[in-house]
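>>> got a sequence here, can you model it:
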Amino acid sequence: MVFKIKEERCIGCGICQSICPKCFSIENGLAKVLDCDPEDCDSKQVSESCPCQAIIVDEDAISE
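Numbering: from 1, shown residues only. Predicted coordinates for the structure are as follows:
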């Protein structure tokens, strides 16, 4: 599983970072995915909490 950010949708509100600081940070006003183990986060909560639907959770992808 990997997280991806649709930067064109992101408003940098920081909700993802507050839910999972191990996997998300806010840089230059946009969310960024950090090098992390996505299993450390509740992927459903993170993606559903984004007010702009900017977080994509690819359940089939393997993080590098």
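
>>> what's residue 38 in contact with, if anything?
With contacts defined as Cβ atoms under 8 Å, 6 or more residues apart in numbering, the neighbours of residue 38 are 1, 2, 3, 23, 57, 63. Quick note: C-beta positions are derived from backbone N, CA and C, even for glycine.

>>> longest helix in this protein, please.
helix 43-49 (DSSP state H).

>>> what comes up buried for that helix?
Residues of helix 43-49 classed as buried under the neighbour-count rule (16 or more other Cβ atoms under 10 Å) are 43, 46, 47.

>>> shaky segments in the chain?
When the per-residue scores of the chain are filtered using pLDDT under 70, the ranges that remain are 61-64.

>>> which residues in it form strands?
Here the chain has its strands, by DSSP state E, at 2-5, 24-27, 30-33, 55-58.

>>> quick one: contacts of the second one?
Okay, so that is strand 24-27. Defining contact as Cβ under 8 Å, 6+ apart, one finds that strand 24-27 is touched by 3, 12, 14, 16, 17, 31, 32, 33, 34, 46.

>>> next one: stretch 49-56
Contacts with stretch 49-56, where a contact means Cβ under 8 Å, 6+ apart, come from 3-7, 9-11, 13, 15-16, 19, 31, 46-47.
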